[in-house]
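In: Fold the following for me, if possible:
(one chain, ligands or ions: 1)
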Amino acid sequence: MERLSGDYYVFPGATVRALRRYKGFLQPPGRRPLYPQDAHCSCRGCSLDDVRHARDVLEEVLQQLPSRSRAELKRQVASLDAVYLGRTLPDPFADRRQRRADLWWRRRLTVGGETM
Ligand SMILES: [Zn+2]
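Out: Here you go, the predicted structure:
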């Protein structure tokens with residue numbers, strides 16, 4: 001699927017890397033809130049530094065996968081989503097501040113509460 005994808009950000013190995021990045025972001029123990037951060041470079045490797053981009057990639061992959069593998073990945077992503085929701089804070093100004101604010105995982109406070 002990754003190889004056949006026409007999406008620049010979905011490349012062989014992208015799913016595993018996105019999943020690993022998502023898990024890594026949520027890994028710090030404790031209850032301290034976590035803040036997504038912009039990636040410094042927009043190439044498909046560095047973009048994964050931004051956990052929100054990793055979640056974008058997973059979403060794209062989920063849509064392209066055949067149903068059986070989709071269900072499996074979806075379970076993993078859903079449990080990470082629950083942690084992400086618990087560890088990040090809602091951004092009340094997401095519509096003004098966040099890019100692609102239609103995606104729920106982008107409606108969260110970023111480092112310093114600002115992105116632009
Ligand atoms: Zn780069």
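
In: Which of the helices and strands in the protein ranks last by mean pLDDT?
Out: Here the helix or strand of the chain ranked lowest by mean pLDDT, DSSP states H and E is helix 94-97, holding a mean of 92.

In: Buried by neighbour count: which residues of that helix qualify?
Out: Across helix 94-97, burial judged by 16 or more other CB atoms under 10 Å covers 94, 97. Glycine gets a C-beta too; all of them are placed from N, C-alpha and C.

In: And stretch 96-114, by the same measure?
Out: By neighbour count on 16+ other CB under 10 Å, the buried set for stretch 96-114 is 97-98, 105-110.

In: List of residues touching that stretch?
Out: With contacts defined as CB atoms under 8 Å, 6 or more residues apart in numbering, stretch 96-114 is touched by 33, 35-38, 52, 55-56, 59, 81, 84, 88-91, 94-95, 115-116.

In: gap between residue 55 and the ion?
Out: 19 Å (CB to the ion, to the nearest Å).

In: Could you give the number of residues near that residue?
Out: 23 (other CB atoms under 10 Å).

In: Also the one 5 residues further on?
Out: Close neighbours of residue 60, defined as other CB under 10 Å, add up to 17.

In: for it, what are its contacts?
Out: Residues near residue 60 by CB under 8 Å, 6+ apart: 5, 7, 9-10.
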